[in-house]
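Engineer: based on what follows, work out the 3D shape:
(chains A and B)
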Amino acid sequence: MSAILSLDNVGVRFNAAGAAPPAPAVDGVSLQLHRGEIFGIVGESGSGKSTLANAVMGLLPANAAVSGSIRINDREVVGLDDEALRSMRGDEVSMIFQDPTASLDPTWPVGDQIAETIRAHYPVTAREAKARAIALMGEVGIADAAARYSDVPHRFSGGQRQRIVIAAALANNPQLLVADEPTTALDVTIQAQVLQLIDKLRRDHGTTVLLITHDLGVVSMICDRVGVMYGGKLLETATTEALFANPAHPYTRALFAANPAGAPRGARLPVIPAEWSVESLRDAELLRAAIGAANG
Amino acid sequence: MADLLRVEHLRKSYSGGRPWGRKPPPALNDVSVSVARGRTLGLVGESGSGKSTLGRCILGLTRPDSGAVIFDGVEVQALSGRALADFRRRVQPVFQDPFGSLDPRWPAGRSVRESLDCFGIGTPADRERRVLDLFDRVGLNPALAGRLPTHLSGGQRQRVGIAAALASEPELIIADEPVSALDMSVQAQILNLLMDLQKDLGVASVFISHDLGVVEHVSDEIAVMYHGEIVETGDTETVMTSPRHDYTRTLLAAIPRPRSSAPRRPPCPQPT
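Structural biologist: Just a heads-up that it's a prediction; the model follows:
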C-alpha cells in the first residue's frame, strides 16, 4: 500500500530571539497516511497538532525550525522554496481551516474565489473555470449554485461558507486534504452535515484527509485511524475502533474518562492533572478502579 | 417549595438594521421556565436559538419586550436602587470568555475583590482574607491573586471568573457557555468545580451550553431552545432517553459521541 504522506521523525521548534531554545512544539513524530483514508489527530490545545498540520503545508513562520522528513508523494517538503510550495498548495495538497470567514475574501464573489484556485494552477479560460466552480458549488451542496456564484461571503451561513471553502480546496482534485478543526466553529447539526460531506467527497474522489481536531466525537464519526498527540509527541496510533475499544496509552484513557458525554450523570469527572507522567496516570487509574469496585 | 426563579411568557426581538426592512424573527418567543432553589436548569440550543438572550434577560442586562422575570417572588424589571443592587448581588453571571470579564490591567485578586467592595461585604480589612478564601474555594493557589489575567491559563482564568461570581454569595448563577472555550481535561475540572459548589453552597444555576453532553452531565432539568422557543423541557433523564420533540431528536442524533460501539459506516475501499 502506498503512503501519500509520510512523516519521519518530524520535529518543529520555534526559536525566540535571544532566549534559551524552548521545548519543541512537535517532537519526533513519525506517521504514514495511506491513500484514501481519513486520519484524525486529536489532542488538547498546545499539543502541537496544528503546528504539525502547518508543517505539512509549509506554512510555518520563519522562526520555526523543522527537522526530520515530510514527504508527500515521495517528494520532500522540508526545505522546498516558496515557489515550489505555492505550486503544491491548492493543487496537490489543500488545507481548510476552522474559520471559513477568515479564509474567504469578504468583498469577492465566492464563485470567483473558487475559480481563482483553478486558474492559479491550470491554463483554463475564465469561462471554463466558472463552469467548474459552479459544478463544485453544486457538489458541496450549495442549492442553486449558478445563481449564487456572484454572492459575497456574508450572504452565506457559517455552514455554507465552510462548504465554499471545501469546494475551493477540492477545486484541483488534491490528493491530500489537511483539515484543521474544520467543524469547530459550527453548530452540531451543521457539523454532522459537513463531516458527512467530507466523507462523501473522499469516497468520490479518493482524497486522503488529515483531520486535526480536539473532539473525540468527531474522530469516532469519520476517521479510519487516529493519532493522539500530547506535548508535541504522538503518543499512540490506532484504528478508530481499536482506539475506542482499547486505548493503549494512559493519557488516552484519561482523556476518554474526562469526557462528560460518556460518564454517569452528575458524577465527578476524573481529571488529568496539569503535571502528569505516565506513572501518575497509571496510579490514578488504579485508584479509580479501586473506588469503582468499592462502590459497586 | 416556591421556585427561586420564574420566567413567564418572555418575548424579545432585536430591531433590524433598517426601519423599512423585514422584521427579524424574535429572539425569544413566549418563553417560560422555572428554577427551584439549589437546582440546575440546563439550557441547550444552537447558535441563534435565543439561549444567551434568555440568560441576559434573567440577569437584567437585556430588557424583554413583554413577559416577566420573577426572582424570589419579585419582578426584576420593577426593581431599582437598593433593591436592584441586592438582586445583582444574589444573581451572578459566569461567561464563556473569562478574559473578557477580567480587567487585563488588574491583578486577578483585585477583580474578585471588586465584587466584595461593590456590595459592601465584610470590613475592608476582612476582604483581603475573603479573596484568598475564595481562591482556595475554587481550587486556585492564593499566590495567583497577584497575577495579571494574561499570566494565567484559560482554566485558571475561568476559576477566577467563578470566584468573582461567588464573592457576593449568590443564590443563582447564570453560567453562559462556561466551559466552551476550554480543553477537555480542563473542562472536566471546571464542571467538577461547578457541581461541588452546587452541592456545598446550595447555589441554583442556569447552565447555558450548545453541548448537550455537558448539559446532560450537570443538569437536573433540561430546556431545549430552537428559534427563540422552548421546544421541550423536562427532567434530564426523560429528555435524554425519550425526547418528544423532533428537534431534540435531531440534536441528540447529531452529537458525535466517542463510543467504540457507535454504528460505523463501511470501511473505505482501499485501492490496490
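Engineer: which single residue of the stretch 151-296 of chain A ends up nearest chain B?
Structural biologist: Across the stretch 151-296 of chain A, no residue is closer to chain B than A:Gly217, which sits at 2.9 Å (CB to the nearest CB). The way it works is simple: take the backbone N, C-alpha and C, and place the C-beta from them, glycine included.
Engineer: go ahead and confirm that residue touches B:Ile255.
Structural biologist: Yes - counting by CB atoms under 8 Å, A:Gly217 touches B:Ile255, with 6.7 Å between them.
Engineer: common neighbours of those two, please.
Structural biologist: A:261, B:213 (CB atoms under 8 Å, 6 or more residues apart in numbering or on different chains).
Engineer: the more surrounded of these two?
Structural biologist: Per other CB atoms under 10 Å in any protein chain shown, whichever of A:Gly217 and B:Ile255 has more neighbours is A:Gly217, with 20 against 17.
Engineer: what count of nearby residues applies to the spatially closest residue to that one that is not a sequence neighbour?
Structural biologist: Once flanking residues are discounted, A:Gly217 sits nearest to B:Pro256: 2.9 Å by CB to CB, 6 or more residues apart in numbering or on different chains. Per other CB under 10 Å, the neighbour tally for B:Pro256 reads 22.
Engineer: for the stretch 101-250 of chain B, which segments count as strands?
Structural biologist: B:172-176, B:204-209, B:221-226, B:229-235 (DSSP state E, counting those that start in this stretch).
Engineer: the third one to strand B:204-209, inter-axis angle?
Structural biologist: Regarding strand B:221-226 and strand B:204-209, their directions subtend 40 degrees when assessed with axes from the mean of the first three to the mean of the last three CA atoms, to 10 degrees.
Engineer: hmm, strand B:221-226 touching chain A?
Structural biologist: No - Strand B:221-226 lies out of reach of chain A by CB under 8 Å from any CB of the partner chain, never closer than 10.4 Å.
Engineer: which residues in chain B form helices?
Structural biologist: Listed in chain order, the helices of chain B (DSSP state H) span residues B:51-59, B:81-90, B:98-101, B:108-119, B:124-137, B:154-166, B:184-201, B:212-218, B:236-241, B:246-254.
Engineer: helices or strands next to the fourth one in the packing?
Structural biologist: The reference is to helix B:108-119. Judged by 3 or more CB pairs under 8 Å, 6 or more residues apart in numbering or on different chains; DSSP states H and E, the packing partners of helix B:108-119 are helix B:81-90, helix B:124-137, helix B:154-166.
Engineer: enumerate residues external to the last one that contact any of its residues.
Structural biologist: Outside helix B:154-166, the residues that touch it by CB under 8 Å, 6+ apart are A:45, B:92-95, B:98-99, B:101-102, B:108, B:111-112, B:114-115, B:131, B:134-135, B:137-140, B:144, B:149, B:152, B:173, B:178-179, B:181-183, B:186, B:189-190, B:193-194, B:197, B:201, B:203.
Engineer: show me the shaky parts of the stretch 101-250 of chain B.
Structural biologist: Along the stretch 101-250 of chain B, the model assigns pLDDT under 70 to no residue.
Engineer: contact distance from chain A - what residues of it qualify?
Structural biologist: So the stretch 101-250 of chain B meets chain A at B:154, B:183-189, B:191-192, B:195-196, B:210-214, B:216-218, B:236-237, B:250 (CB under 8 Å from any CB).
Engineer: 6 Å instead, please
Structural biologist: Within the stretch 101-250 of chain B, the positions adjacent to chain A are B:183-185, B:188-189, B:191-192, B:213-214, B:217 by CB under 6 Å from any CB of the partner chain.
Engineer: show me the shaky parts of the stretch 101-250 of chain A.
Structural biologist: Looking at the stretch 101-250 of chain A by pLDDT under 70, you get an empty list.
Engineer: what segments of it are strands?
Structural biologist: Going by DSSP E, counting those that start in this stretch, the stretch 101-250 of chain A shows strands at A:176-180, A:208-213, A:225-230, A:233-239.
Engineer: and these: which comes nearest B:Leu84?
Structural biologist: Across those, B:Leu84 has its closest neighbour in strand A:208-213 (44.7 Å, CB to CB).
Engineer: so can I have JSON lines of the strands of the stretch 101-250 of chain A showing mean neighbour count and distance to chain B?
Structural biologist: Formatted as JSON lines, the strands of the stretch 101-250 of chain A follow (neighbours: other CB atoms under 10 Å in any protein chain shown; distance: least, CB to the nearest CB, whole Å):
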{"stretch": "strand A:176-180", "mean neighbour count": "23", "distance to chain B": "14"}
{"stretch": "strand A:208-213", "mean neighbour count": "25", "distance to chain B": "10"}
{"stretch": "strand A:225-230", "mean neighbour count": "23", "distance to chain B": "10"}
{"stretch": "strand A:233-239", "mean neighbour count": "18", "distance to chain B": "9"}
